[in-house]
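Asks: Sharing a model that was predicted from the sequence below.
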Amino acid sequence: MNKATGIGFDALFTNATMGIMVANERGIIVLTNPFLLKQFGYREEELLGQRIEKLIPQRFHQRHVRHVEHFNEHPKNRPMGMGMDLYAARKDGSEFPVEVSLGNYETDNGKYVIAFLSDISKRKEAELALQQLNEELEQKIEERTRTLTSTVKQLAALIAETEAKDAELNRINIFLNNIWDHAEAIIYVTDRDGTIKMFNPAAERQLGYRAEEVIGKEDPTRFLDDTEITLSDLLGAMSIVQPNERELFYTRRNGSRFPVSQTFTAMRNVQGEVEGYLGIAMDISKRKKAETDLRIALEKEKELGELKSRFVSMASHEFRTPLSTILSSAYLVSKYKEKEDHPKREKHVQRIISSVNMLTDILNDFLSVGKIEEGKIQMRCRPFDIVQHLQQIISELSGLLKKGQQVHYEHDDSCLVELDPSLMKHIIMNLLTNAIKFSPEDTTIELRSKLTKGSLILTVADKGIGIPEEDQQHLFERFFRGSNAANIQGTGLGLHIVSKYAELMGGTISCKSRLDAGTVFELGFTLKKAPGNNEDN
């Protein structure tokens with residue numbers, strides 16, 4: 001015990017923010033701290049001399065008696081967090097989950113067990129919702145603040161009183177040494193200038209410093225990750241009356257950092273003069289991770305909900321039209337039975353075939369997205385002539401052109417590239433099909449390919465309806481369709497697939513667009529040197 005600071009361990013016992021109880025080897029309670037009394041709703045005289053089972057739900061009494069007998073036969077300290085989850089019963093009969101850490105020691109009066117009880121109700125409930133977690137955290141902070149505030153004024157008087165009772169002080173020191181050694185919170189005490197005078201084992205373990213390295217040599221800012229917080233900020237120019245609690249990051253000796261909830265309180269003597277400061281910091285890494293995990297889960301749930309809504313909207317729109325066409329045409333075909341009705345039958349058969357092809361394209365898009373997400377798309381790169389490849393694609397799409405529409409193609413430099421021709425065909429066909437679909441009659445769609453040293457640049461430009469600026473950031477998301485394209489056929493999957501195929505080949509895609517002025521898509525690919533290329537051209 002370091003008396004030079006005027007601080008006794010009994011104050012830590014009395015003001016500890018966890019329940020502490022001492023029982024003899026017969027399981028009779030001989031000492032409790034105020035926090036435990038508050039936890040259970042008893043007065044001290046109601047518990048002293050009672051069996052431990054008074055604080056345990058009736059259904060666990062018999063099992064607990066066996067646990068006590070086993071512990072007495074094989075006493076072993078259990079640090080906080082390593083024990084079993086238990087339930088405790090308050091005076092009013094309500095129950096709450098607790099974590100228990102046990103220690104044992106022996107004096108001239110016999111063997112004793114010291115138990116540290118933590119109410120873990122809030123931790124259990126914290127998993128339900130982030131909002132509930134924050135509310136419980138605020139309540140916990142307020143309760144601890146009120147507790148520390150009420151005890152600071154009593155600290156100096158308690159120290160003076162215990163110094164006059166040496167025998168009692170020695171006994172209490174034994175108890176408090178157990179608290180000091182087993183507490184999971186970082187606890188340190190400073191003098192009025194902020195120099196650390198006491199440094200508990202948990203602080204040594206969690207921060208990586210030995211007590212002798214910091215006592216008398218360092219102040220608490222040694223551990224702070226935020227270099228802008230000064231010692232005077234912590235000490236409050238020696239005028240702190242209320243406990244100063246905040247969330248900070250501590251830095252370990254090895255440079256790693258972790259979040260803590262720190263309470264810093266001035267300790268005053270009976271004259272109201274500051275004698276030193278008490279710092280308590282709890283590692284809140286698990287709570288922060290729980291908050292992050294819950295936030296991510298909520299964001300994913302929201303994203304899935306949006307995707308579901310988009311899918312339902314798309315499916316109801318895109319499947320209804322071809323299915324209605326198939327149904328009506330099939331009905332009419334059944335009515336055209338005469339030989340002279342053959343042209344009409346053929347017309348509706350072609351409508352059915354076209355609608356089936358449309359449904360096939362939609363299902364193929366779904367299958368492609370599924371394969372992409374499962375990682376089943378295999379890239380097969382080989383050298384091929386990009387000019388011939390693009391000209392063939394343009395030829396295949398000629399039947400889709402509206403009246404007066406044309407595709408103008410230009411190419412610069414050499415022709416051979418080494419990419420996946422199948423994926424490239426899907427990309428270009430999708431972009432050209434969109435350009436045709438969203439452009440009016442009598443317009444030209446520009447397709448350009450350019451081979452520069454080590455890269456291929458492809459651009460598709462149209463003079464169509466354009467894309468609203470607020471929609472452009474979502475273009476490559478699944479099931480997304482522009483707000484001005486609601487009446488035009490499409491699944492909202494095409495550009496998503498295009499971006500993923502480009503990504504598979506190590507490429508990038510970007511878009512520039514203005515409403516009623518047109519859209520330009522640009523693709524860029526880094527190339528290996530293909531056979532026959534002359535990079536010196």
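Replies: Good, I have the coordinates. Numbers count the residues shown, from 1 in each chain.

Asks: Give me the distance between the helix or strand containing Lys500 and the centre of its chain.
Replies: Taking DSSP states H and E as the definition, one finds Lys500 inside helix 494-504. Mean C-alpha position of helix 494-504 versus that of the full chain (C-alpha atoms, centre = their mean, to the nearest Å) differs by 27 Å.

Asks: Just the buried residues of it, please?
Replies: Neighbour counts using 16 or more other C-beta atoms under 10 Å place Gly494, Leu495, His496, Ile497, Val498, Ser499, Lys500, Tyr501, Ala502 of helix 494-504 among the buried residues. To be clear about C-beta, it is placed using only N, CA and C from the backbone, and glycine gets the same treatment.

Asks: Just send those residues back as a markdown table, with distance to Leu456 and pLDDT too.
Replies: Below are those laid out as a markdown table (distance: C-beta to C-beta, whole Å; pLDDT from 0 to 100):
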| residue | distance to Leu456 | pLDDT |
| --- | --- | --- |
| Gly494 | 21 | 77 |
| Leu495 | 20 | 83 |
| His496 | 22 | 83 |
| Ile497 | 19 | 83 |
| Val498 | 15 | 87 |
| Ser499 | 17 | 88 |
| Lys500 | 18 | 86 |
| Tyr501 | 14 | 86 |
| Ala502 | 11 | 89 |
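
Asks: Bridged to Ala266, which residues?
Replies: Tyr277 (DSSP bridges).

Asks: That one reaches Glu273, doesn't it?
Replies: No. Shown here, Ala266 and Glu273 do not form a contact pair, counting by C-beta atoms under 8 Å, at 9.9 Å.

Asks: which one of the two has more residues nearby?
Replies: For Ala266 and Glu273, the more surrounded residue by other C-beta atoms under 10 Å is Ala266, and the numbers stand at 22 against 11.

Asks: The more buried one and Glu143: what is the separation?
Replies: Using C-beta to C-beta, to the nearest Å, Ala266 is found at 20 Å from Glu143.

Asks: Ok, Tyr105 next?
Replies: According to C-beta to C-beta, Tyr105 and Glu143 sit 30 Å apart.

Asks: Compare those two and say which is more crowded by neighbours.
Replies: Neighbours per residue (other C-beta under 10 Å) separate Tyr105 from Glu143, with Tyr105 holding more: 15 against 12.

Asks: What residues sit buried inside stretch 61-72?
Replies: So, applying 16+ other C-beta under 10 Å, buried residues of stretch 61-72: His64, His67, Val68, Phe71.

Asks: let me fix that: stretch 425-443
Replies: Buried-residue list, stretch 425-443, by 16+ other C-beta under 10 Å: 425-432, 434-439, 443.

Asks: Which parts of the stretch 301-450 of the chain are strands?
Replies: Taking DSSP state E, counting those that start in this stretch, the strands of the stretch 301-450 of the chain run over residues 382-385, 406-412, 416-419, 444-452.

Asks: among those, which is nearest Met21?
Replies: Taking C-beta to C-beta, strand 416-419 is the member of the strands of the stretch 301-450 of the chain nearest to Met21, at 73.0 Å.

Asks: which strands and helices sit next to that closest one?
Replies: Counting by 3 or more C-beta pairs under 8 Å, 6 or more residues apart in numbering; DSSP states H and E, the packing neighbours recorded for strand 416-419 are strand 382-385.

Asks: that older thread, name the stretch among the strands of the stretch 301-450 of the chain that sits most buried.
Replies: Ranked by mean neighbour count, the strands of the stretch 301-450 of the chain are led by strand 416-419 with a mean of 20 (mean count of other C-beta atoms under 10 Å).

Asks: Listing partners with orientation, what would you give for it?
Replies: According to DSSP bridges, strand 416-419 has these partners: strand 382-385 (antiparallel).
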